[in-house]
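>>> sequence and predicted structure below; questions after.
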Amino acid sequence: MAEPEGPIVLASVTSATLLGVDGQVVTVEVHVSSGLPSYHVVGLPDAAVRESRERVRAAVLSSGFKWPSTRVTVNLAPSGVRKTGAGLDLAVALGVLVTTEVLPDAALDDVAVLGELGLDGGVRPVPGTLALVSALARAGTRTFVVPAENAAEAALVPNVVVHPARALGELRACLKGEQAWPSVPPPPDPRPDEADDDDPLDLAEVRGLAWARRALEAAAAGGHHLLLSGPPGVGKTMLARRLAAVLPDLSPDEALEVTRIHSVAGRVTRALVRVPPYRSPHHTASVAALVGGGTGTPRPGEATMAHRGVLFLDELGEFPPRALDALRQPLEERAVWIARQAISLRFPADFLLVACTNPCPCGLGPPKCGCGDGERARYRRRLSAPLLDRFDLRLAVRPPGPDDERGEPSRVVRARVVAAVGRQRSRLAGTPWRRNAHVPAGALQRFAPLDAAAHDAWRAECEVRQLTGRGGARIRRVAQTLADLDGVATIAPEHIAIASLLREDVP
Amino acid sequence: MTGAPTPAGEPNALGPGEIAAATLACLPDMTPARLRALFEHCGGPIAALELVRSGGTGRAIPPALRRREHGEWSELARLWTARADPTPTARRLARRGTRVWVDGGPDYPILDGVPDRPAVLLAEGAEPGALHAPRVAVVGTRAATPHGMADARELGAALGDAGITVISGLAIGIDGAVHEGTLAANGSAVGVVATGLDIVYPRRHALLTERVRDSGAVLSEQGFGVRPRRGLFPVRNRIIAALADVVVVVEATAGGGARITAQYALDYGRTVLAVPGSRRNAAAAGTNALIADGAHPLLDWGDVLVALGMSPAAGRTSVPAPPRPAPGPDGKVLLAALGGECATPDELSSRTGLSTPRVAVGLIDLERNGWVQRSRGAIWPQ
């Protein structure tokens, strides 16, 4: 047995890769041994990771360091997980610098490294930094080296030390303690002004439509999916767009969750997203664009981008039936599962669905509509019954009357919504549900109790309308939200009446 | 005791002429016009069947079938000759209990003088004799409003109750509601369909079709196996018009099939009554236009009896509608705001100025007591 010739050096650097919208801790091992100069990456790398060879080598050389003229093997552990993107570049480069003894072995102890490299040795931002740092922090890492552009985002994770990296050469000096770390950009304004400027739409501009407004308010407060049906130009879209202005801000946990998802989707984030997202994909959107997936690395779809916010689908009937069918799973489970050969990914998708549709092919609706029963039935069939059933609130919108007055401004409505959300939060504390719409039928007795009068009204309504158990439960949930909005402790018969009238057989 | 006498109502005392007529009607690509041309040229169904079976040529063929617009006779002959065997048809007629009414025969229900009446009618059902009673056709649009549906049901019941045979087309909308009303009053309903009698269309009305068969009859001029086609419905409408003494149109859109029926009825000299409606109701545009063109407005169900030459009070035994509790003060305001037409809760809030909870409670109350009905996102007064 001949002993291997020359030194065998091993370096190990902690980093992470994206798995759906979550981070997965990756240990980058760089092994240098004697042999012909070569470079291999093992451990399920994707194309971008495999190409790191050229980037890392060029970056190391242009930063003035030596590239080992021996055999370099990079192992990415755990080897069963597919590694994606170029975010492991910096970890590999630092590993190489340890093996060539440019850096001491101990410099990278208890430090996690993220970053993509440019050929000049510059460090470039990586998508999903927040998710990656969160995952690493959960695994116990406290100190992070991240691209300078992502430093503010990484610092959103509580209790971590973030060092910004701008270039490989500077980074070496900082790690060896020869130079001070550049400062992290100042923490961003907690409530950026841009969000307010973004949203000049106010409910006060809407005349009349007391019921449609009430439905909007209930949707915002109770998380009830809302379907508006009406002729074109009647103000359905106008109304739905104003929903954003009455939604309460995200809680800190929700904000972190939403920011993480948006960061994974490739948005450079400096501040926590505090305003609930409002997504309105066009009806030409593909199934993958709507619910996520796609070829190669599964990406979050609109349903996930709208997590903890609003998914607005205008012209619901124009969406491809397959796309609408695909929405049924997130509507039910508030998450999307993307199954691939090796893995199954879970994308959170807890959104409020708001949709608009024309009542029939001619769009006029009763009494002016002249569409035949068959035509209407065909039109309706585009929206499957199970999908229509998911809407707790369904109503017809007609043009406001000439004398209708302007309604309350968004600020007033929002205050009621915030109060109602607070009531739900305290009532549902300790349960997996956040809003009335989430409470399963079996738990309604406890979380949407009816007194004798309300129970009579509810039972009578179920009988007159021949509601199924599910239909009855939906009315009850909405009634609870209406009571929360009114700030009263128990559901009154009038809440049942309004809830019932807000769930019509439209379109 | 052998050979018990056949009951009077035994359906399948079919003669060779009737079997021949049915055999011809059931041939593929047979049309009412071709059938009539064959009968008239050959002098009757038996001779016509012989001609088809022999695959005749030259002057034996009806001139109409020699013309190009009826297709090549050689192709028709190839299609028909092998299939024109009366034995399987006779078996099928016997099995289904189908009656065959040939134009000129004793049971043929359409009075002479209708120019394009069907050469043969196939009928199935428990009470084909219902056609001996006075006959009123009630037709209307498939795009009916809840008001139209309610009118059709009431009218069907009132006529059924008065012992009048009510004819309609078993379609979705007004037709279906008329049949429902007649059946609910234990009246005689007759459905004239545009397909073969073995095909149920629309499928949603499978049960209704069964019930119409049990109370009266289902008629068609098409042979077995003919599937629904766009062009068959207007052709069927002429039979409805021809069968009826009086035709009532409950709701019709400006260009719908109900107007075609009414036009046929006027051509045949039948009295046409139309239920007037709001100018704003698209489903009343056709009936209002009929009235403008001279149809009688139907304001009271008794008007139909008058048009039939009967006294409105005669045979009237129907129970008045069950009393409903008087609406409350808000209910009265809401009913007034509806003004007899449909409206959304939004519109009612805006018209009355009542708060949302008051409108909600008021409307639910009205609905529960039968004053209003909810459909397609709107409130409809009853």
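Good, I have the coordinates.

>>> hey, let's count contacts and neighbours off CA atoms from now on
OK.

>>> how about whichever strand or helix holds residue B:336: buried residues?
For residue B:336, the host element (DSSP states H and E) is helix B:329-338. Of all the residues in helix B:329-338, those buried under the rule 16 or more other C-alpha atoms under 10 Å in any protein chain shown are B:330, B:331, B:333, B:334, B:335, B:337, B:338.

>>> with stretch A:419-433 instead?
A:419, A:420, A:421, A:422, A:423, A:424, A:425, A:427, A:428.

>>> again with stretch A:496-504
Judged by neighbour count using 16+ other C-alpha under 10 Å, the buried positions of stretch A:496-504 are A:496, A:497, A:498, A:499, A:500, A:501, A:502, A:503, A:504.

>>> OK, contacts around the residue lying farthest from the centre of chain B?
Relative to the centre of chain B, the most outlying C-alpha is that of residue B:355, 46.0 Å out, by C-alpha atoms, centre = their mean. Counting by C-alpha atoms under 8 Å, 6 or more residues apart in numbering or on different chains, residue B:355 makes contact with residue B:349.

>>> repeat that with 10 Å
Shown in contact with residue B:355 (C-alpha atoms under 10 Å, 6 or more residues apart in numbering or on different chains): A:210, B:349.

>>> got the phi and psi for it?
In terms of degrees, to the nearest 10, the main-chain angles of residue B:355 are phi -70, psi 160.

>>> from residue A:213, how far off is it?
Per C-alpha to C-alpha, to the nearest Å, residue B:355 is found 13 Å from residue A:213.

>>> re earlier: is the helix holding residue B:336 anywhere near chain A?
No - using C-alpha under 10 Å from any C-alpha of the partner chain, helix B:329-338 stays clear of chain A, coming no nearer than 12.6 Å.

>>> and that helix, how far out from the chain's middle?
The chain centre lies 37 Å from the centre of helix B:329-338; the measure is C-alpha atoms, centre = their mean, to the nearest Å.

>>> same check, this time on stretch A:363-382
Distance of stretch A:363-382 from its chain centroid, counting by C-alpha atoms, centre = their mean, is 36 Å.

>>> next, the distance between the ends of it.
First-to-last residue span, stretch A:363-382, C-alpha to C-alpha: 15 Å.

>>> is it positioned near chain B?
Yes - using C-alpha under 10 Å from any C-alpha, stretch A:363-382 comes into contact with chain B via A:365, A:366, A:367, A:368, A:369, A:370, A:371, A:372, A:373, A:374, A:375, A:376.

>>> pull out the buried members of the residues you listed.
Buried among those (16+ other C-alpha under 10 Å): A:365, A:366, A:367, A:368, A:369, A:370, A:371, A:372, A:373, A:375, A:376.

>>> now, those that are in helices?
Members of those lying in helices (criterion: DSSP state H): A:373, A:375, A:376.

>>> in terms of pLDDT, where does the nearest residue to residue A:382 once chain neighbours are set aside sit?
The spatial neighbour of residue A:382 that comes closest, neighbours along the chain excluded (C-alpha to C-alpha, 6 or more residues apart in numbering or on different chains), is residue A:317 at 5.9 Å. Listed pLDDT for residue A:317 reads 86.

>>> ok, residue A:317 - how many residues close by?
Neighbour count of residue A:317, defined by other C-alpha atoms under 10 Å in any protein chain shown: 22.

>>> coming back round to it: from the ones in helices among the buried ones among the residues of stretch A:363-382 next to chain B, which is closest to chain B?
residue A:373 (4.8 Å; C-alpha to the nearest C-alpha).

>>> the closest residue in space to that closest one that isn't next to it in sequence: which element?
Computed as C-alpha to C-alpha, 6+ apart, the closest residue to residue A:373 that is not its neighbour in sequence is residue B:143, at 4.8 Å. For residue B:143, there is no host helix or strand (DSSP H and E).

>>> wouldn't residue B:143 be in contact with residue A:369 here?
Yes - assessed by C-alpha atoms under 10 Å, residue B:143 is found in contact with residue A:369 at 8.5 Å.

>>> what touches both of the two?
Common contact partners of residue B:143 and residue A:369 (C-alpha under 10 Å, 6+ apart): B:253, B:282, B:283.

>>> ok, the first one - contacts?
By that I understand residue B:253. Taking C-alpha under 10 Å, 6+ apart as the test, what residue B:253 contacts is A:369-372, B:140-144, B:259, B:281-289.

>>> what residues does the stretch 151-300 of chain B put near chain A?
Within the stretch 151-300 of chain B, the positions near chain A by C-alpha under 10 Å from any C-alpha are B:172-173, B:202, B:252-256, B:278-285.

>>> please indicate which of those residues are buried?
By 16+ other C-alpha under 10 Å, those give B:172, B:173, B:252, B:253, B:254, B:256, B:281, B:282, B:283, B:284, B:285 as buried.

>>> okay, these in CSV with pLDDT and secondary structure next?
Formatted as CSV, those follow (pLDDT from 0 to 100; DSSP: H, G, I helix; E, B strand; the rest coil):
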residue, pLDDT, secondary structure
B:172, 91, coil
B:173, 91, coil
B:252, 92, coil
B:253, 89, coil
B:254, 86, coil
B:256, 80, coil
B:281, 85, coil
B:282, 85, helix
B:283, 88, helix
B:284, 91, helix
B:285, 91, helix
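
>>> name the nearest residue to residue A:453, ignoring sequence neighbours.
residue A:493 (6.4 Å).

>>> pretty sure the one you found sits against residue A:450.
Yes - here residue A:493 reaches residue A:450: they are 9.2 Å apart, a contact under C-alpha under 10 Å.

>>> which residues are common contacts for those two?
A:456, A:457, A:458, A:479.

>>> out of these, which is most surrounded?
Neighbour counts for those were taken using other C-alpha under 10 Å; the highest belongs to residue A:479, with 30 neighbours.

>>> for that one, what are its contacts?
Here residue A:479 is in contact with A:218, A:222, A:436, A:448, A:450, A:454, A:458, A:473, A:485, A:490-500 (C-alpha under 10 Å, 6+ apart).

>>> what do you get for residue B:351?
So residue B:351 contacts A:401, A:403, A:404, B:333, B:334, B:336, B:337, B:338, B:345 (C-alpha under 10 Å, 6+ apart).

>>> can I get the residues you listed in JSON lines with pLDDT?
Shown next, in JSON lines, are the contacts of residue B:351 (pLDDT from 0 to 100):
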{"residue": "A:401", "pLDDT": "75"}
{"residue": "A:403", "pLDDT": "77"}
{"residue": "A:404", "pLDDT": "79"}
{"residue": "B:333", "pLDDT": "93"}
{"residue": "B:334", "pLDDT": "93"}
{"residue": "B:336", "pLDDT": "91"}
{"residue": "B:337", "pLDDT": "91"}
{"residue": "B:338", "pLDDT": "90"}
{"residue": "B:345", "pLDDT": "91"}
